[in-house]
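Q: Generate a structure from the sequence data that follows.
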Amino acid sequence: MTTPSRPFGSVLTAMVTPMTPDGEVDHKGARDLVEHLLATGHDGIVVNGTTGESSTLSFDESVDMMRTVADQVGDRAHVVAGVGSNDTKHCVEMTKAAGEAGVGGLLLVSPYYNKPTQRGLIAHCEAVAAATQLPIMLYDIPGRTGIPFAPATLAELAANPRIVAVKDAKGDQWAATKLMDQTDLAWYSGADEDNLAWLALGASGVISVVGHVAGTQYREMVDAVEAGDLDRARAVHRRLVPAVEAIMTTSQGAIMAKAALVELGVIPHASVRLPLVESTDDDLEILRAGLSAAGITG
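A: Presented below is the predicted three-dimensional model:
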């Protein structure tokens, strides 16, 4: 459901990009995965994000995936497309293409590697916002980009009517609390281990990796927090610990999420693109144990 406080829904997963064993994008697998997500409590999907291996997809592959997911979802949920790049011109081109592909919102990560100043970061985001009529969610993940959104930067960008939300994988919950009070930005948890904490602080929802296989549980958690039933929300949070550990700390999120989806029979292959490599047998044993301990079965 879309509300001012939940512009992209409340339970979203940063969707993997299914691939064939030879590394080609598997659009049938993507459509099947969309149906799985929609059947397990999701009201939003993020496509072409970090977990979707956007850094190793070509421009055309990225746009084709956006179109495939948007067409499959229709009006049943929000579709948010990652358009981030460390090249503002390329980012603007991706932004325009995403709008033509039919998505309903954009995910914009801070430019990585070239380390702009905060003034440069603001100019980058404003250039993207000027290129679209779609709502934008900023993605704050300095562990990957090296560049955080400073609180003052987020406060300034919040004045732009196109910029409506933040996906937070930085984890500064005190700074975020003040910004939630001072601005109209909607906040989304961008780290599965912190989902409950963010929801308790007033976040609008979660953008998950573990949600590939635990969407129903995260829907229960979100609904419990909204109902004021923190005991039930804590129970869900604790029940999912083994799965979160297995998927997010064993090797790498996209690798393990694909492996988990294969374990559940949702997609046929766990193929990833270099420099990512598939799970080892030892990692798969850890994954199976974690899913089992969390009560997640195919």
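Q: okay, CA-based contacts and neighbour counts for the rest of this
A: OK.
Q: just how off-centre is the lowest-mean-pLDDT helix or strand in the chain within its chain?
A: Ranked by mean pLDDT, DSSP states H and E, the weakest helix or strand in the chain is helix 142-145, scoring a mean of 94. Distance, stretch centre to chain centre, for helix 142-145: 15 Å (Cα atoms, centre = their mean, to the nearest Å).
Q: For the host helix or strand of residue 164, enumerate the helices and strands it packs against.
A: In the assignment (DSSP states H and E), residue 164 maps to strand 163-168. Applying 3 or more Cα pairs under 8 Å, 6 or more residues apart in numbering; DSSP states H and E, one finds that strand 163-168 contacts strand 136-140, strand 186-189.
Q: Let me have those strands in JSON lines, adding mean pLDDT and distance to residue 221 as columns.
A: Listed next are these as JSON lines, based on pLDDT from 0 to 100; distance: least, Cα to Cα, whole Å:
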{"stretch": "strand 136-140", "mean pLDDT": "98", "distance to residue 221": "22"}
{"stretch": "strand 186-189", "mean pLDDT": "98", "distance to residue 221": "13"}
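Q: tell me the phi and psi of the residue nearest in space to the middle of the chain?
A: Nearest to the mean C-alpha position of the chain, by Cα atoms, centre = their mean, lies residue 14 at 3.2 Å. Main-chain dihedrals, residue 14, degrees, to the nearest 10: phi -80, psi 100.
Q: you'd agree residue 108 is up against residue 88?
A: No. Using Cα atoms under 8 Å, residue 108 is not in contact with residue 88, being 10.9 Å away.
Q: Those two: who's more crowded?
A: A direct count of neighbours by other Cα atoms under 10 Å for residue 108 and residue 88 places residue 108 higher, at 26 against 17.
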